[in-house]
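Asks: what's the 3D shape of this:
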Amino acid sequence: MYVCVCKGVTDHQIRQQVSDGARTWREVREATGCATQCGKCACFAKSLTREAVHEARLEANMDLAYAV
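Replies: This next block holds a predicted model:
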């Protein structure tokens, strides 16, 4: 789904940035250009970023638990 129509950024692209190591909204915004034009998508994009980071941290914790 498109999150930022102005820059053509999708939810998949935001999640991919987090998967690739981004851990802050600033990092995602700089990498994708999301919310840098009109800004109407910023609240949703920030929320999506937080959710993706939370999921990435949970996944990393699970990986650590299974490694022990």
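Asks: burial measure for Tyr11, as a count.
Replies: Just to correct that, residue 11 is Asp rather than Tyr. By other CB atoms under 10 Å, the residues close to Asp11 number 16. All C-beta atoms are positioned from the backbone trio N, CA, C, and that covers glycine.
Asks: give me phi/psi at it?
Replies: Dihedral angles of Asp11 (phi, psi; degrees, to the nearest 10) stand at phi -60, psi -30.
Asks: that one and Asp63, how far apart?
Replies: Plainly put, Asp11 is 23 Å away from Asp63 if you go by CB to CB, to the nearest Å.
Asks: and what of His54?
Replies: In terms of CB to CB, His54 sits 15 Å off from Asp63.
Asks: where are the low-confidence patches of this structure?
Replies: Scanning the chain for pLDDT under 70 picks out 64-68.
Asks: the strands in it, which residues?
Replies: Counting by DSSP state E, the chain has strands at residues 2-4, 9-10.
Asks: need phi/psi at the closest residue to Lys7 other than its chain neighbours.
Replies: Spatial nearest neighbour of Lys7, chain neighbours left out: Gly33 (4.2 Å); criterion: CB to CB, 6 or more residues apart in numbering. Gly33 has phi and psi values of phi 80, psi 0 when expressed as degrees, to the nearest 10.
Asks: cool, thanks, talk later.
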